[in-house]
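Colleague: sequence isn't available, so here's the structure alone:
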């Protein structure tokens, strides 16, 4: 029984078994300039012919090649695209952090610095892409600067 379960799990988790992947690549820009280090996620639209998420990280020149579970390419279908590039910055010094840790006190939430507008992290940002059976190698994702502040995070 255990061997059977192991075999089923191995077959289900085998990433080389994805058939129908097509080449999918493109470029991401912000206000016309290429942006590197952007995490890009293509999530299938409900009812799409694709049932797998594809993702990439853009190179310094803004180019990216999609990958599906360790395999180059994406399944044909309609996708909603989300993008993210942010870093965190502590609001306190390393010495203050050590003092709070030693005292067993909570640390303040770090500041999040968005390198592209935070709205592109949302599935309702309006970015959709269709990849057909022939693939798509000219995906251009043009982002625009937006000074809208992110929503306030709460610890509730």
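Modeller: Nice, I can see it. Treat the numbers as computed from the prediction; the structure is a model and nothing was measured. Residues are numbered from 1 along each chain as shown.
Colleague: does residue 99 belong to a helix, a strand or coil?
Modeller: helix (DSSP: H, G, I helix; E, B strand; the rest coil).
Colleague: ok, it - how many residues close by?
Modeller: Other residues within reach of residue 99, judged by other Cβ atoms under 10 Å, total 12. From N, CA and C alone the C-beta is placed, and that goes for glycine too.
Colleague: enumerate every residue touching it.
Modeller: For residue 99, no residue meets the contact criterion (Cβ atoms under 8 Å, 6 or more residues apart in numbering).
Colleague: so how far is residue 93 from it?
Modeller: Distance of residue 99 to residue 93, given as Cβ to Cβ, to the nearest Å: 9 Å.
Colleague: next one: residue 107
Modeller: Counting by Cβ to Cβ, the gap between residue 107 and residue 93 amounts to 12 Å.
Colleague: where in the chain is pLDDT low?
Modeller: 1-17, 153-156 (pLDDT under 70).
Colleague: so where do the helices sit in it?
Modeller: Counting by DSSP state H, residue ranges of the helices within the chain are 2-13, 94-103.
Colleague: who's in contact with the closest residue to residue 136 other than its chain neighbours?
Modeller: Ranked by Cβ to Cβ, 6 or more residues apart in numbering and with sequence neighbours excluded, the top spatial neighbour of residue 136 is residue 24, at 5.3 Å. Counting by Cβ under 8 Å, 6+ apart, residue 24 makes contact with 42, 54, 65-66, 73-74, 131, 135-137, 139.
Colleague: repeat for residue 121
Modeller: 82-84.
Colleague: go through the residues you listed and flag which are in strands.
Modeller: 82-84 (DSSP state E).
Colleague: nearest to residue 120 among these?
Modeller: Minimum distance to residue 120 across the ones in strands among the contacts of residue 121 is 4.3 Å, recorded for residue 83 (Cβ to Cβ).
Colleague: neighbours of that closest one, how many?
Modeller: Number of residues near residue 83 (other Cβ under 10 Å) recorded here: 22.
Colleague: what is it paired to in the beta sheet?
Modeller: Each beta-bridge partner of residue 83 is listed here, defined by DSSP bridges: residue 40.
Colleague: residues touching residue 148, list them.
Modeller: For residue 148, the contacting residues are 117, 119, by Cβ under 8 Å, 6+ apart.
Colleague: mind listing what the nearest residue to residue 101 once chain neighbours are set aside touches?
Modeller: Nearest residue to residue 101 in three dimensions, chain neighbours excluded: residue 107, at 7.4 Å (Cβ to Cβ, 6+ apart). Shown in contact with residue 107 (Cβ under 8 Å, 6+ apart): 90, 92, 97, 100-101.
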